[in-house]
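Visitor: A predicted structure for the sequence below; I have some questions about it.
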Amino acid sequence: MDIYADILLMENIVMNYLILWLTSTTLKVHAGRIKMLAASVVGALYALLIFFPGYKFLYTTVMKVLLSLLIIVIAFTPIRFREFLKQLSVFYLISFILGGAVFGLFYFTNAGTVTAGGVFLIKGIPLSVLVGAGLVTIIIIRLCLVPLYSYLEKRSLYRSFVISVGDRSAEAVGLLDTGNELFDPITNYPVIVVQYSAVKELLHESIREIFEQNREEDLENIYDGFKEANWVYRLRLIPFSSLGKEKGMLLGFKADRVTIGNRCLGNVIVAVYSKPLSESGEYAALLNPELIK
């Protein structure tokens with residue numbers, strides 16, 4: 001069975017580019033077409049070296065892994081190591097899915113194959129097979145991989161934390177929210193927005209009444225409630241322009257400490273929001289990114 005280098009090169013370039021494009025789409029990472037094409041060409045040239053006896057050593061597992069690393073660097077130029085690992089893992093996963101789809105379609109269509117130097121090769125991939133494999137891969141990615149990746153990505157932003165006031169404490173799960181740029185205008189301390197139900201047990205009865213009777217904008221009532229609880233020195237009013245309002249004011253208090261992981265923070269303001277922050281109940285607070293720096 002004859003193998004033509006130009007056809008093999010073109011097939012590998014197309015396959016590599018498709019894998020890189022799907023990786024970019026899945027991760028929502030911008031990658032230039034020229035960079036992805038260059039990475040695809042590098043991978044395709046590597047596939048041709050199997051036919052040159054002097055380059056057999058390049059087909060070891062270590063060299064194949066190094067090639068994958070090089071392709072990712074050329075195509076995406078990741079800045080952070082974590083980004084690099086994400087791109088590499090998704091690149092491998094999509095490669096396996098697409099490869100499986102291609103081999104599956106070849107099996108059902110009885111297309112020809114050939115083995116050279118211990119490497120299983122497909123001769124002359126029909127355009128219909130490539131398009132079909134691409135469509136199967138896209139469907140699998142859209143239905144399974146993208147939702148799974150989005151879920152894991154979101155879960156990585158969750159942090160458990162504990163708010164302590166005196167001898168009382170309340171534990172909750174917060175979402176690390178890059179949109180939360182709230183700071184106390186007086187002390188410039190970072191602000192955690194927490195739903196009322198998560199901190200209810202920390203609050204004095206007079207302060208609970210403020211939220212349960214929807215009097216968060218009644219300054220006189222707020223002052224009286226905090227005075228009765230002997231919390232006037234903790235009282236904070238945080239201006240905001242989100243959570244469904246163009247301009248608003250969140251009622252909050254200064255906690256004695258907030259513990260996030262192994263970090264114990266003293267200068268944190270807790271702003272209380274009367275409604276649930278998550279419809280699904282997965283989290284009960286919006287964490288300021290400054291708290292984990």
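Guide: Cool, the structure landed. Residues are numbered from 1 along each chain as shown.

Visitor: average pLDDT across the helix ranked longest in the chain?
Guide: Longest helix of the chain, by residue count under DSSP state H: helix 81-109. On average, the pLDDT along helix 81-109 is 80.

Visitor: Give me the buried positions along it.
Guide: Of the residues in helix 81-109, 84, 86-88, 90-91, 93-95, 97-98, 101-103, 105-106 count as buried by neighbour count, 16 or more other CB atoms under 10 Å. Every residue, glycine included, has its C-beta placed from N, CA and C.

Visitor: Just give me the closest of those to E282.
Guide: The nearest member of these to E282, counting by CB to CB, is K86 at 21.7 Å.

Visitor: in this protein, which spans are helices?
Guide: 5-27, 33-48, 61-76, 81-109, 127-140, 146-155, 196-199, 205-212, 219-228.

Visitor: okay, those helices in TSV with distance to L250 next?
Guide: Below are the helices of the chain laid out as TSV (distance: least, CB to CB, whole Å):
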stretch	distance to L250
helix 5-27	35
helix 33-48	45
helix 61-76	40
helix 81-109	33
helix 127-140	44
helix 146-155	24
helix 196-199	11
helix 205-212	11
helix 219-228	12
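
Visitor: Highest mean neighbour count out of those?
Guide: helix 196-199 (a mean of 21; mean count of other CB atoms under 10 Å).

Visitor: Not counting that helix itself, show me its contacts.
Guide: Contact partners of helix 196-199, identified using CB atoms under 8 Å, 6 or more residues apart in numbering, comprise 163, 170, 172, 211, 270, 272-276, 284-285.

Visitor: nearest to L157, of those residues?
Guide: For these, the nearest to L157 is A285 (11.9 Å; CB to CB).

Visitor: so the closest one bridges to which residues?
Guide: G174, V194 (DSSP bridges).

Visitor: my guess is it meets V191, correct?
Guide: No: in this structure A285 lies outside contact range of V191 using CB atoms under 8 Å: 10.5 Å.

Visitor: Can you pull out the low-pLDDT segments for the protein?
Guide: Where the chain drops to pLDDT under 70, the residues are 1-7, 50-51, 53, 56, 105-131, 146, 149, 151-153, 155-156, 242-246.

Visitor: gap between the two ends of stretch 23-43?
Guide: With CA to CA, to the nearest Å as the measure, stretch 23-43 spans 15 Å from end to end.

Visitor: In contact with the residue lying closest to N214 once chain neighbours are set aside, which residues?
Guide: Take N214 and drop its neighbours on the chain: the residue closest to it by CB to CB, 6 or more residues apart in numbering is S274, 7.1 Å away. Contacts for S274 were tallied using CB under 8 Å, 6+ apart; they are 195-196, 211, 214, 216.

Visitor: any idea how far L202 is from S274?
Guide: Here the distance between S274 and L202 works out to 15 Å (CB to CB, to the nearest Å).
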